[in-house]
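kindly generate the corresponding structure for this input.
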Amino acid sequence: MREFATVLLKENLTPGKAAAAVFLGIFIGVVPIYGIQLLTAAGLAFLFRLNKPLTLASTFINNPLLQPVIVASSVEVGYFLRSGAFRPFHLSALTEPFMMLPKLILRMGWAGWWGSVTGAHMKEELLAWFMGSVVVGVVLGGAGAAITAVVVRAKANADTGLRERIVLVNRMFAGCARGDRAFVRWKLRLDRIFELLAELLAAEDQGSGTVVDLGCGYGIALSFAAFRDSKRRLVGCDLDEHRIAVGRQALSSSNADLRVADVRTFHLPPAGLILILDVLQYLPADEQLGLLKRCCSALVPRGKLIFRVHDRERGLWSVITMAFDRVIFACGRAGTRPLILPAVDYRRALEDAGMQVEERRFRNRLPLAHILFIAKKPMTEVAAEGAA
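Residues are numbered from 1 along each chain as shown. So this is what the prediction gives:
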């Protein structure tokens, strides 16, 4: 029971999902649908896969202390929407519809209560209340969502050491040329892959084996892996000689081996973690799958292969992502067009290699849609017996 409660409380607690849960809960708490607020909040949280306890808790903004303020504000905003001017608020004008609404709903149901309300004044009050509550709900929900996102993001960053990792990486590249330092700094700010990578590297089961980055560029991801473990062996390759030279300079105090080499022919040592970030789209389909197979073979038991590809199933976001990549290919004179296979093909290749596969779809701070594949190599029977 305790495990179930823990899973439920931590369900979908990313900054975006947590913010959406709070927004939904506050909005439903403000809108006057008394009697079905909790049921509606639970149903929508289940529909949109939001954190249910957080959504339900947010509806309690409609409590005895805040309810008079919420109702009064909603009525005033409603009058402004209808007439273009605020109307002096009188408690007596609000009390009658506020007290009658629950009684009418309970007696006649939602379908018939509105027709039974007599008096143009009461109908005007109730209509203003409903209209204004939508606006007040959006405003309060938006404020609550923004605060929630900041708090959850700050807590997540603290848990994974993201801020400390970024400080470390910027310090490692401080002695490099200004243009290279600027690229690294903005890459860390704009690319969400480093948030996810910090989370994965902070996991208890990540291990401390060799880290290999195929297409490592400047070696930023390898610098992340060196956090709190400067002796960890770091291996990377890339075709860009300048970036490899800069990476060697930045990682000179680490146990790093960066080489100018092609990922297709690069020798893979036994590794606890292999990274392939923004490389596969340069290769033909058979070479992509062949490289993934080689990586799976090189992993030690419980080792992980993490790679990123574009998400082909996000509509407009996918179109923008592919267009952006074509521009990058054209500027770099790659001589080919980016090739992204269907996600099911990558998953099938990994599962055929005996890997346990997880997919994470995410959008960058730039309007780019990606899928992060996290493939874990299970322990062999021999390794499992030895561990026992």
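
and the residue nearest to Gln288 when sequence neighbours are not counted, what is it in contact with?
Nearest in space to Gln288, with sequence neighbours left out and distances taken as Cβ to Cβ, 6 or more residues apart in numbering, is Leu280 at 4.8 Å. For glycine as for every other residue, the C-beta is placed from the backbone atoms N, C-alpha and C. Counting by Cβ atoms under 8 Å, 6 or more residues apart in numbering, Leu280 touches 288, 291, 307, 309, 340.

Ile306 versus Leu280, what's the distance?
The gap separating Leu280 from Ile306 is 12 Å, by Cβ to Cβ, to the nearest Å.

same check on Ser253?
Taken as Cβ to Cβ, the span from Ser253 to Ile306 is 25 Å.

name the residue in these two with the higher neighbour count.
Ile306 (24 against 9; other Cβ atoms under 10 Å).

okay, that one: pLDDT?
Listed pLDDT for Ile306 reads 94.

try the one 5 residues further on
Asp311 is assigned a predicted lDDT (pLDDT) of 91.

what sits against it?
Asp311 sits next to 317-318, 321, 343, 361, 369-371 when contact means Cβ under 8 Å, 6+ apart.

got it, and Leu196?
By Cβ under 8 Å, 6+ apart, the contact set of Leu196 is 360, 362, 372.

most surrounded residue in those residues?
Counting by other Cβ under 10 Å, top hit in the contacts of Leu196: Leu372 with 20 neighbours.

would you report which members of the contacts of Leu196 are assigned to strands?
Counting by DSSP state E, the part of these found in strands is 360, 362, 372.

so the first one touches Ile371, yeah?
Yes - between Arg360 and Ile371 there is a contact under Cβ atoms under 8 Å: 7.1 Å.

what's the closest non-adjacent residue to Ile320?
Among residues not flanking Ile320 along the chain, Pro367 sits closest, at 5.1 Å (Cβ to Cβ, 6+ apart).

quick one, phi psi at that neighbour?
The phi/psi pair for Pro367 (degrees, to the nearest 10) reads phi -80, psi 60.

what's the neighbour count on it?
For Pro367, the neighbour count with other Cβ under 10 Å is 11.

hey, where'd the strands end up in the stretch 101-250 of the chain?
Ranges of strands in the stretch 101-250 of the chain, per DSSP state E, counting those that start in this stretch, are 211-214, 234-238.

hmm, I typed the wrong one, I wanted the stretch 251-388 of the chain.
Assigned by DSSP E, counting those that start in this stretch, the strands in the stretch 251-388 of the chain fall at 256-260, 271-277, 299-310, 356-363, 369-376.

and Lys52, which of the ones you listed is closest to it?
strand 356-363 (21.1 Å; Cβ to Cβ).

and the closest one, which strands flank it?
strand 369-376 (antiparallel) (DSSP bridges).

what does the partner strand rub up against?
193, 196, 200, 296, 302-311, 314, 317-318, 320-321, 343, 346-347, 350, 355-364.

show me which of these are buried.
Buried members of those, scored by 16 or more other Cβ atoms under 10 Å, are 193, 196, 200, 296, 302-311, 314, 317-318, 321, 343, 346-347, 350, 355, 357, 362.

just for the stretch 101-250 of the chain, where's the confidence low?
For the stretch 101-250 of the chain, the stretches flagged by pLDDT under 70 are 101-122, 154-160, 203-208.

where do the helices of it begin and end?
Ranges of helices within the stretch 101-250 of the chain are 120-160, 162-172, 178-190, 193-201, 220-225, 241-250, based on DSSP state H, counting those that start in this stretch.

what's the most buried one of these?
helix 220-225 (a mean of 25; mean count of other Cβ atoms under 10 Å).

pull up the gap between Lys304 and Glu124, please.
Applying Cβ to Cβ, the value for Lys304 to Glu124 is 63 Å.

please apply the same query to Glu76.
13 Å.

could you verify my assumption that Asn62 touches Gly35?
No - the pair Asn62 / Gly35 is not scored as a contact, 11.8 Å apart, by Cβ under 8 Å.

neighbour count for those two, which is higher?
Neighbour count, other Cβ under 10 Å: between Asn62 and Gly35, Asn62 has more, with 19 against 11.

excluding residues flanking it in the chain, which one is nearest the more buried one?
Using Cβ to Cβ, 6+ apart and skipping the chain neighbours, the partner closest in space to Asn62 is Gly29 (4.1 Å).

next up, the contacts around the one you found.
Contacts of Gly29 by Cβ under 8 Å, 6+ apart are 37, 41, 58-62, 137.

where does it land on pLDDT?
Note on Gly29: pLDDT of 92.

that older thread, so which of the strands of the stretch 251-388 of the chain is nearest Gly16?
Ranking the strands of the stretch 251-388 of the chain by proximity to Gly16 (Cβ to Cβ) places strand 356-363 first, at 9.1 Å.

mind putting the strands of the stretch 251-388 of the chain into TSV with distance to Val246?
Output for those, formatted as TSV (distance: least, Cβ to Cβ, whole Å):
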stretch	distance to Val246
strand 256-260	9
strand 271-277	17
strand 299-310	22
strand 356-363	27
strand 369-376	25
